[in-house]
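1. my questions concern the predicted model and sequence given below.
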Amino acid sequence: MSRIGKLPVNLPAGVTVEVLDGNVVKVKGPLGEMSQKVDPDIKVSVEGSEIKVSRPNDLPRFRSMHGLYRALIHNMVVGVSEGFTIKQEFVGVGYRVQAQGQLITMSLGYSHDIQLMLPAEVTAETPQVKKGENPVLVLKSRDKQLVGQVAAKIRSFRRPEPYKGKGIKFVGEQLRRKAGKTASAK
């Protein structure tokens, strides 16, 4: 069996799950509610404070969907109970970020500032940093896929370069650095 698929999803306090017609899993919690349509061949059952996902047989198609839907359901449970947070660091001289509601304004060394409007499900904040530290952008949402996609879009405006490490990176990310040019003595 799938190592991920056979693990039950534990429900924390305050989270309820129901399987609706059409094999739609609906999860409600303190941070809101989410739903996910599951393939009709995959069986989802709620047993006490656990959700179990099972498949009809061991065909490769069912094996791949088994782990996928279990992971999606687990992410929904974690999302409505705790939420997901991504922190991004803006490394570079003059690189700044400002969050005002759903609008993010970034100064990334281009001739103009870049503005990005966030989806309604994602919130952004820019905590104050001490002098000499890099600005940080904190993205929060209950939808793991959406917050990851928004973070990837922001990172695409200025990817970290391998020589000086300038760009937008995730907090705690280790970058592969390259050696610069060296003067050869003749």
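-> Perfect, thanks for sending it.

2. so the residue nearest the centre of the chain is in which element?
-> Nearest to the mean C-alpha position of the chain, counting by CA atoms, centre = their mean, stands Gly148 at 3.2 Å. For Gly148, the element it lies in under DSSP states H and E is helix 144-156.

3. can you pull out the strands in the chain?
-> Using DSSP state E, the strands of the chain run over 9-10, 16-20, 24-29, 32-37, 43-47, 50-54, 84-91, 96-100, 103-107, 114-117, 123-125, 136-141, 167-170.

4. so which of these is nearest Arg70?
-> strand 50-54 (4.4 Å; CB to CB). Quick note: C-beta positions are derived from backbone N, CA and C, even for glycine.

5. report the buried residues of that closest one.
-> Buried residues in strand 50-54, counted by 16 or more other CB atoms under 10 Å: Ile51, Val53.

6. and if you look at stretch 96-113?
-> Of the residues in stretch 96-113, Val97, Ala99, Ile104, Met106, Ser107, Leu108 count as buried by neighbour count, 16+ other CB under 10 Å.

7. now do the longest helix anywhere in the chain: distance to the chain's middle.
-> If you go by DSSP state H, the chain has its longest helix at helix 60-81. Computed by CA atoms, centre = their mean, to the nearest Å, the chain-centroid distance of helix 60-81 equals 15 Å.

8. and it, average pLDDT?
-> For helix 60-81, the mean per-residue pLDDT is 93.
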